[in-house]
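Participant: sharing a sequence plus its predicted fold:
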Amino acid sequence: MAAPGKVAAFCLPPLPTVREIIKLFRLKAQKQLSQNFLLDLRLTDKIVRQAGDLKNAHVCEVGPGPGGITRSILSGGVEQLLLIEKDARFIPGLQMLSEAAPGKVQIVHGDILTYRMEKAFPKHLKRNWEDEPPNIHIIGNLPFSVSTPLIIKWLENVSKKNGPFIYGRTQMTLTFQKEVAERLTANPGGKQRSRLSIMSQHLCTVENCFVIPGQAFVPKPEVDVAVVRFTPLVQPKIEQPFELVEKVVRSVFQFRRKYCFRGIETLFPESGRLKRTEQLMMTANVDPTLRSFQLSMSQFRSLCNTYRKMCDEDPNLFAYNYREELKQKKNSSLKSTSWPEQTEEEDQL
C-alpha cells in the first residue's frame, strides 16, 4: 500500500529513462517554441501531487514532450490520460508510454489553443457547477510562449462554463515563468499586481504551489518556473460577462504608474470623457487617486457593475475602442503633436 502523499498507485513496466528517450529519438528542445524538458522524476512527481488524488481520475496533459510528467501521472493510478502534443517529434516516445499502460492513454497530435475539449471526457463525469469539482484534471509543463494566452483562454472558458469546464469546476495544475505566477497570485498593492491577477482571481482560487529552479530543466531557461493550481470558484467575484470585465481591467491598468482615473478615462469617447469618468468613479465609490495595482477586487467589481449600467443606458458605449480612436487621430493629422498620451507604461500580461 502506498504511503500517504506518494504518487505510486500504478506501476509502469521497465522503460527507458526520459533522458534515454530523448537520446533514442534524437529530441532537441526548440528555442523558438520555448521548450524545456524536466528530467527529474522526483520533481515531476511533486508537480503531479499538487493536483491531488488522481486515482481513477481522467487527466488531460498539455504538451507532454518526452513524457516525464506523463510517467508521474500514470503512476498516480489514473483511469484515462489524454495527451495533447503539438510537436510530432515527441509522438513515438509517447506511444511507448501508451503501450506500457494499455487502454489508459489517448494521444492527440494537435494544438491545445485550438483543440476543443467539450467532448474530451465521458459525459458521466459531469457535475453541477455548485458541486465538488469533477474527477477531471488538466496538468501541464507549458511552453512559456503559450502559457499566458492559454490561461486567458481557459479563464474565459471558466466564465462561460464551456470548453474543459462544461464538466464542472475542472481543476488545473500548470507551470509558468515565476514572474507570471507571481502576477497570477499577486495581492492588492503588490508590485506584480496586474490584469492577470484580477482576471484569474475573480474566477478561480489561485495557489502558487512551489518554485522549480531553472537549472532543473534541459536546456536551462533564464528564469525559474512556478507550479500554479487553479480551482474555479462556484461564484465569480465579478458577476459580469468576461469581455466586459476584461475591458474594464485592461483600461484600469492602461497607465500603471498613473492614477487609476487616467486609465478609466479610456473607456469613454473623447466627447464627454471627463464627465463620464467622474460619474463612473463617483458611483462606484473608487478613489480616483489610487494606482491601478492598489485597487481591491471589490473596487473592480464596483467599477464593472457601474460600467455595465452605463453601457445598458448607452448601447454604443461598449463598442468604443480607445486605441482605434488613437489610430484614427494619428492618421488624420500626422503633423499634430497633441495626441492623447501614449501607452508606453501600459501593464503587460
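Facilitator: Received, thanks. Numbering: from 1, shown residues only.
Participant: all strands for the stretch 151-300 of the chain, in order.
Facilitator: 171-177, 204-212, 217-218, 225-232 (DSSP state E, counting those that start in this stretch).
Participant: for the record, mean pLDDT for the second one?
Facilitator: Spelled out, that is strand 204-212. The average pLDDT for strand 204-212 rounds to 97.
Participant: hmm, which helix or strand of the chain has the shakiest average pLDDT?
Facilitator: The helix or strand of the chain with the poorest confidence is helix 18-24; it has a mean of 64 (mean pLDDT, DSSP states H and E).
Participant: the following helix or strand past it pairs with which strands, parallel or anti?
Facilitator: Using DSSP states H and E, the helix or strand that follows helix 18-24 in sequence is strand 37-38. As defined by DSSP bridges, the strand partners of strand 37-38 come to strand 217-218 (antiparallel).
Participant: contacts for the strand it pairs with?
Facilitator: Outside strand 217-218, the residues that touch it by C-beta atoms under 8 Å, 6 or more residues apart in numbering are 29, 36-39, 225. In this view, the C-beta of every residue, glycine as well, is placed from N, C-alpha and C.
Participant: burial count for the spatially closest residue to Tyr307 that is not a sequence neighbour?
Facilitator: The shortest distance from Tyr307 to any non-neighbouring residue, by C-beta to C-beta, 6 or more residues apart in numbering, is to Val248 (5.4 Å). By other C-beta atoms under 10 Å, 25 other residues sit near Val248.
Participant: pLDDT value on Val248, please?
Facilitator: 98.
Participant: roughly how far apart are Gln328 and Gly263?
Facilitator: For Gln328, the distance to Gly263 equals 20 Å [C-beta to C-beta, to the nearest Å].
Participant: more neighbours, the two?
Facilitator: Gly263 (26 against 11).
Participant: list the contacts for the more buried one?
Facilitator: So Gly263 contacts 251-255, 292 (C-beta under 8 Å, 6+ apart).
Participant: surely Lys104 is in contact with Gln80?
Facilitator: Yes. Here Lys104 reaches Gln80: they are 6.2 Å apart, a contact under C-beta atoms under 8 Å.
Participant: could you list the domains of the chain?
Facilitator: 18-232, 242-332 (automatic domain parsing).
Participant: buried deepest among these, which one?
Facilitator: domain 18-232 (a mean of 19; mean count of other C-beta atoms under 10 Å).
Participant: now the nearest residue to Gly168 once chain neighbours are set aside: which helix or strand?
Facilitator: Of all residues not flanking Gly168 in the chain, Arg127 sits nearest, at 3.5 Å (C-beta to C-beta, 6+ apart). Assessed by DSSP H and E, Arg127 sits outside every helix and strand.
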